[in-house]
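Q: Sequence isn't available, so here's the structure alone:
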Ligand code: SF4
């Protein structure tokens, strides 16, 4: 089914009915750039075409099912339901720097089965449509516009593996970048993948400015295979080659995500393997605090001294390293956790705003 994001079909609707093109520009500006309610945006159209247009091109394929806010760090997690009753998560991150980012999902569940990931435990239920990916952005924009904030970055880092749903991801990116629609800069988009070497390189070729992140989590094949069984079908040597090639094509560095897990990948041996992997690569390391809240995987986050050891030794080796706080500690903030809790009829432990309140504020 077509939606407002199907750019060609929308334009054809206007052409066939000889509706002035300026009205389409105004409608898109209202919806994509001013984040106004769809009822208001369609007022741009001649009255006789408003209802047919909305019927032909729904604006919101998703509806808000639940919203959790963390009082501790300003994170908002939205659970959105699809037309077929599935649940999708998207997370708004309000950084202390004042920047606002969105972490959006590309699949319902995920086939990769990473042991530390709640989404992996769902298995793959289905791919999201491009319009469902885009609606996460549209709804987050609405929420933030009501707060006087603007989204700066969009990270494809939520539920699912983006390269397992590449057609829809690329379709969504086209609408995000289109000057007529969201008009985002490609440098504000980040795709996080567990790494399929050929796809990593071809994506870099097709999108030379979109940033890439690779979920590494261990540079020791046997440990990576235990943590990420599907990802580890690809050898670390092939991944290294792909990162090198992507760097040559894009002229920018890949972020290597590394969730620090006590006794698993935070030992001196693991650090040595990580340094050997990264040395000479156009890449930097992002150490992630693991959030064990509500998890059943038996894994624990590393202690501070392990972080200090990794940070100091990586820096000494001339490798750029950053550290990501685990945002959303007061809510079910690991990917897939909130959707699972909502599906199971549990409620969040932090502030749970009811969906109607958000809708009222956001629309
Ligand atoms: S970490 Fe990413 S790739 Fe792994 S199971 Fe979770 S969503 Fe899938």
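A: Looks like it arrived, so ask away. The shown structure was predicted, so the numbers you read here are calculated from the model rather than taken from an experiment.

Q: how does this structure divide into domains?
A: Per automatic domain parsing, the structural domains of the chain span 7-56, 63-362.

Q: tell me the mean pLDDT over the longest one?
A: Read it as domain 63-362. Mean pLDDT, computed over domain 63-362, is 88.

Q: is it true that residue 234 touches residue 199?
A: No: using Cβ atoms under 8 Å, residue 234 is not in contact with residue 199; the gap is 10.1 Å. For glycine as for every other residue, the C-beta is placed from the backbone atoms N, C-alpha and C.

Q: the more surrounded of the two?
A: Summary of the neighbour comparison: residue 234 and residue 199, criterion other Cβ atoms under 10 Å, with residue 234 having more neighbours (18 against 15).

Q: Please report phi then psi for residue 190.
A: Phi and psi for residue 190, reported as degrees, to the nearest 10, are phi -130, psi 130.

Q: Quick check: it vs the ligand, distance?
A: According to Cβ to the nearest ligand atom, to the nearest Å, residue 190 stands 14 Å off from the ligand.

Q: now swap in residue 57 and tell me
A: For residue 57, the distance to the ligand equals 30 Å [Cβ to the nearest ligand atom].

Q: check contacts around that residue.
A: By Cβ atoms under 8 Å, 6 or more residues apart in numbering, residue 57 lies in contact with 2-4, 6, 9-10, 13.

Q: 6 Å instead?
A: 2-4, 10 (Cβ atoms under 6 Å, 6 or more residues apart in numbering).

Q: Next one, pLDDT for it please.
A: As predicted, residue 57 sits at a pLDDT of 97.

Q: Please give the element, helix or strand, for the closest residue to it other than its chain neighbours.
A: Nearest non-adjacent residue to residue 57, counting by Cβ to Cβ, 6 or more residues apart in numbering: residue 4, 4.7 Å away. Assigned by DSSP states H and E, residue 4 belongs to no helix or strand.

Q: Please state the offset of stretch 144-153 from the chain centre?
A: Chain-centre distance of stretch 144-153: 17 Å, with Cα atoms, centre = their mean, to the nearest Å.

Q: Tell me which residues of the helix or strand hosting residue 67 come out buried.
A: Element membership of residue 67, judged by DSSP H and E, is strand 63-69. Residues of strand 63-69 classed as buried by neighbour count (16 or more other Cβ atoms under 10 Å): 64-69.

Q: again, but for stretch 120-131
A: 120-122, 124-125, 127-131.

Q: Widest-spaced pair of those residues?
A: Distances among the buried residues of stretch 120-131 were taken as Cβ to Cβ; the most separated pair is 121 and 131, at 26.6 Å.

Q: how about the residue nearest to residue 30 when sequence neighbours are not counted, what does it touch?
A: Counting by Cβ to Cβ, 6+ apart, residue 30 lies nearest to residue 41, which is 4.0 Å off, once chain neighbours are set aside. Residues in contact with residue 41 (Cβ under 6 Å, 6+ apart) are 27, 30-31.

Q: Could you pull up phi and psi at residue 109?
A: Dihedral angles (degrees, to the nearest 10) for residue 109: phi 80, psi -170.

Q: Quick one: residues contacting it.
A: For residue 109, the contacting residues are 122-125, by Cβ under 6 Å, 6+ apart.

Q: Among the residues you listed, which ones are in helices?
A: Secondary structure assignment by DSSP state H places residue 122 of these in helices.

Q: check the contacts of residue 109 against the ligand, which are close?
A: Among these, not one lies near the ligand by Cβ under 6 Å from any ligand atom.

Q: I'd like to know which of the contacts of residue 109 is nearest to residue 18.
A: Distances from residue 18 to the contacts of residue 109, taken as Cβ to Cβ, are shortest for residue 125 (42.9 Å).
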